[in-house]
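Participant: here are the coordinates; sequence isn't available:
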């Protein structure tokens, strides 16, 4: 509700919380998309962009914490 009312503190807090969530979540999900779809997802990822400044895709061969 406070974001809709343009409360500047809430707008800033929401933006920071969203950024921190997506900075962690996007690489986590991409890892499993690469494992499930393989080369097909890698080709798709080359054609698209995340669209959130400061958040990058995982690099080929980069391991996620759940891998051993």
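Facilitator: Ah, there it is. Every value quoted in this text rests on a predicted model; they were computed, and no experiment measured them.
Participant: residue 51 and residue 38, how far apart?
Facilitator: 24 Å (CB to CB, to the nearest Å). For the C-beta atoms, the positions are set from N, CA and C on the backbone; glycine is no exception.
Participant: neighbour count for these two, which is higher?
Facilitator: Each of residue 51 and residue 38 had its neighbours counted (other CB atoms under 10 Å), and the higher figure belongs to residue 38 (10 against 6).
Participant: for the strand or helix carrying residue 31, buried residues please.
Facilitator: Using DSSP states H and E, the secondary-structure element containing residue 31 is helix 8-37. Within helix 8-37, the residues that count as buried by 16 or more other CB atoms under 10 Å are 26, 27, 30, 31, 33, 34.
Participant: tell me the average confidence for it?
Facilitator: Here the mean pLDDT over helix 8-37 is 88, rounded to a whole number.
Participant: got CSV for the buried residues of helix 8-37, with distance to residue 45 too?
Facilitator: As requested, the buried residues of helix 8-37 are exported to CSV (distance: CB to CB, whole Å):
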residue, distance to residue 45
26, 11
27, 12
30, 7
31, 12
33, 8
34, 8
